[in-house]
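Chemist: could you look at this predicted model? Sequence included:
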Amino acid sequence: MNNTITLYPGQLTLKDLRAVWSTHAPLALAGEAWAAITASANLVDAIVAKGDPAYGVNTGFGILAKAHIPHDQLAALQQNLILSHAVGTGPLLSDAIVRLIVLTKIGSLARGYSGVRPVIVETLIALYNAGIMPAIPSQGSVGASGDLAPLAHMTLAMLGVGQVRHNGELVNAADALRAAGIEPVVLGAKEGLALINGTQVSTALALHGLFMAERLLEAAMVTGSLSVDAARGSDAPFDARIHAVRGQPGQIAAAAIYRELVAGSAIRASHLVGDERVQDPYSLRCQPQVMGAVMDLIANAGRTLLIEANAVTDNPLLFLDDQGGGDIVSGGNFHAEPVAFAADTLALAIAEIGALAERRIALLIDANLSGLPAFLVREPGLNSGFMIAHVTAAALASENKSHAHPASVDSLPTSANQEDHVSMATFAARRLDQMAHNTAVIVGIELLAAAQGIEFHRPLQSSQHLEHVHAQLRQAVAPYDADRFFAPDIEAARKLVVDGALSASCKELFAVLHP
């Protein structure tokens, strides 16, 4: 079976991007794209031959744009740009994120507005297909003038400078290229600037956050449904009529998912009559309202990020005319404000998924609210049960509140005030990974707690969907009969959340999340 991804510039879908994020498969550029790349490069050659000043082609950069660079120094100009801008620091980005960076940079350059030669795109594709991942530090970009530092590190790999990651190991870039039969490139006019000017790093980090948020949303809707049964809660708040009269699309879709997840539960049927409780706490009752709003935020962020993943975001840009000539125009597509806003809204979504799950854990361990044994363990007192597991969930939920502060409201001027407003999109997106893993732990703890609560209602069964999830957990984690070393249980549950395992058997319910 041929699993090659054929890239049609400007036509990437979220499905394509999820596939690249999830696994490494060969990449090919659609044949019809090469003509536009060549035509754009030819226009740069014409500009160089004419000799008129053109930013990034024969001038300095940023505040130094007034400096004219002689023809015989143009290659050195681009080389110096990469070496001087490769100033990143911090942990290296993962292969999954680097794959997204390289893919979206190829797609942007291949649209034919950036003026690079075909060899530049060919080299990026060759690196990608050989599994040679540029070693890109995660810190050092403010998300305007593009992700200059991290993209400079990406470009170093093409030059055979520095280090790359291959098969999980850090190796010298020159050695990796030699072993793969890839010739290091010598940059031509404008090519270094086209490679480092763009929002691909911020966008890739935000896409990673988006895809993690999708998994967290699915998992938390499953564990939230399990908590409804564990607490002998009502499914009446999921009634379609309630949500129809409000009209919020995410809420309507979320309520439909909750109805399906709990349908056929014998636990629910057991207290339809004679239950003295009139209403459940909000963490159970208002799940469609909260998670539906989260669903809408994730969908909105996805739309923005898909546009950006297909965008041309370097500067200056070349626009060809019908006579073989054209214009080179300076603008500001490198400013990553749309990505920063999308990342900030994803931070809100991820924080709220965890915040609501933490409240359900608190409910389940409270015997007065849940009607279950205190801290979900027999012989409470002798056993502490889920007491401190809840403290961990509370700690992480609180940590996420701080992380959720919008990064996009911050700005520090750079480049001697030439770049006087920046987006901070790279940090806005980068912090989503930590937030997602915090929330995954919280949802994992809820999974353990709700599954434990279900067992106190045996021999009654939950719904078919939820019993499948319960059985899945029990393959990895035994019931909590008495106190034991708890951290490995939490890690096993967290892994089920992060891997998307909780919704794997009912993906059709969550199709609305994956346009």
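Modeler: Great, that's in hand. Numbers count the residues shown, from 1 in each chain.
Chemist: secondary structure of residue 442: a helix, I assume?
Modeler: Yes. Under DSSP: H, G, I helix; E, B strand; the rest coil, residue 442 falls within a helix.
Chemist: and it, what does it touch?
Modeler: By C-beta atoms under 8 Å, 6 or more residues apart in numbering, residue 442 lies in contact with 354, 357, 358, 361, 393, 396, 397. Any C-beta I mention is one placed from the backbone N, CA and C, and that applies to glycine too.
Chemist: with residue 74 instead?
Modeler: Residue 74 is in contact with 48, 57, 58, 188, 189, counting by C-beta under 8 Å, 6+ apart.
Chemist: so which of the contacts of residue 442 is the closest to residue 507?
Modeler: residue 357 (20.9 Å; C-beta to C-beta).
Chemist: and the pLDDT at residue 72?
Modeler: At residue 72, the pLDDT value in this model is 81.
Chemist: number of residues surrounding it?
Modeler: By other C-beta atoms under 10 Å, 7 other residues sit near residue 72.
Chemist: so how far is the helix or strand containing residue 257 from its chain's centroid?
Modeler: Assigned by DSSP states H and E, residue 257 falls within helix 249-262. Averaging C-alpha positions (C-alpha atoms, centre = their mean, to the nearest Å) puts helix 249-262 24 Å from its chain's average.
Chemist: against which helices or strands is the helix or strand just after that helix packed?
Modeler: Proceeding N to C from helix 249-262, the next assigned helix or strand is helix 266-269, under DSSP H and E. Counting contacts by 3 or more C-beta pairs under 8 Å, 6 or more residues apart in numbering; DSSP states H and E, helix 266-269 is packed against helix 200-230.
Chemist: pLDDT of the helix it packs on, averaged?
Modeler: pLDDT averaged over helix 200-230 gives 98.
Chemist: same thing with stretch 292-301?
Modeler: pLDDT averaged over stretch 292-301 gives 97.
Chemist: ok, now stretch 35-43?
Modeler: 95.
Chemist: how about residues contacting it?
Modeler: For stretch 35-43, contacts defined as C-beta under 8 Å, 6+ apart pick out 9, 109-118, 121, 188, 318, 320, 324-326, 328.
Chemist: please repeat the previous calculation with a cut-off of 7 Å.
Modeler: Residues from elsewhere that reach stretch 35-43 (C-beta atoms under 7 Å, 6 or more residues apart in numbering): 110-118, 121, 318, 320, 326.
Chemist: next structured bit after the helix or strand hosting residue 82?
Modeler: When elements are assigned from DSSP H and E, residue 82 belongs to helix 74-85. Next helix or strand after helix 74-85 toward the C-terminus (DSSP H and E): strand 89-92.
Chemist: against which helices or strands is the helix or strand that comes right after that following strand packed?
Modeler: Per DSSP H and E, the first helix or strand lying C-terminal to strand 89-92 is helix 95-109. Packing partners of helix 95-109 (3 or more C-beta pairs under 7 Å, 6 or more residues apart in numbering; DSSP states H and E): helix 14-22, helix 118-129, strand 132-134, helix 200-230.
Chemist: just give me the residue right at the centre of the protein.
Modeler: Geometric centre of the chain, nearest residue: residue 208, 1.8 Å, by C-alpha atoms, centre = their mean.
Chemist: who are the contact partners of that residue?
Modeler: Neighbour list for residue 208: 21, 96, 97, 432, 433 [criterion: C-beta under 7 Å, 6+ apart].
Chemist: related to what we said a few turns ago, just the ones of the contacts of residue 74 in helices?
Modeler: Within those, residues falling in helices by DSSP state H are residue 48.
Chemist: by neighbours, which of the contacts of residue 74 wins?
Modeler: With neighbours taken as other C-beta under 10 Å, the top of these is residue 189, carrying 25 neighbours.
Chemist: residue 49 is in contact with that one, correct?
Modeler: No. Proximity of residue 189 to residue 49 does not meet the contact threshold set by C-beta atoms under 7 Å, at 10.3 Å.
Chemist: for stretch 331-339, list the C-alpha coordinates in PDB.
Modeler: Extracted in PDB, the C-alpha atoms of stretch 331-339 (Å, rounded to 0.1, in the frame of the first residue of the first chain):
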ATOM      1  CA  GLY A 331       4.500  43.400   4.000                       C
ATOM      2  CA  GLY A 332       4.000  41.700   7.300                       C
ATOM      3  CA  ASN A 333       2.500  38.200   6.900                       C
ATOM      4  CA  PHE A 334       5.200  36.900   9.200                       C
ATOM      5  CA  HIS A 335       3.300  38.500  12.200                       C
ATOM      6  CA  ALA A 336       1.700  35.600  13.900                       C
ATOM      7  CA  GLU A 337      -1.100  37.300  15.700                       C
ATOM      8  CA  PRO A 338      -3.800  34.900  14.300                       C
ATOM      9  CA  VAL A 339      -1.700  32.000  15.700                       C
END
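Chemist: what lies in contact with it?
Modeler: 143-146, 197-199, 202-203, 206, 304-305, 308, 311-315, 317, 408, 423, 425, 429.
Chemist: now, which of the residues you listed lie within strands?
Modeler: Of the positions in these, residue 317 sit in strands, assigned by DSSP state E.
Chemist: check the average confidence over stretch 163-174, would you?
Modeler: Taken as a whole, stretch 163-174 has a mean pLDDT of 96.
Chemist: how about residue 173, what does it touch?
Modeler: 156, 157, 160, 161, 162, 163, 164.
Chemist: turn these into JSON lines, including distance to residue 240, neighbour count and secondary structure.
Modeler: Shown next, in JSON lines, are these (distance: C-beta to C-beta, whole Å; neighbours: other C-beta atoms under 10 Å; DSSP: H, G, I helix; E, B strand; the rest coil):
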{"residue": "156", "distance to residue 240": "56", "neighbour count": "21", "secondary structure": "helix"}
{"residue": "157", "distance to residue 240": "53", "neighbour count": "28", "secondary structure": "helix"}
{"residue": "160", "distance to residue 240": "61", "neighbour count": "18", "secondary structure": "coil"}
{"residue": "161", "distance to residue 240": "60", "neighbour count": "18", "secondary structure": "coil"}
{"residue": "162", "distance to residue 240": "57", "neighbour count": "18", "secondary structure": "coil"}
{"residue": "163", "distance to residue 240": "56", "neighbour count": "19", "secondary structure": "strand"}
{"residue": "164", "distance to residue 240": "53", "neighbour count": "28", "secondary structure": "strand"}
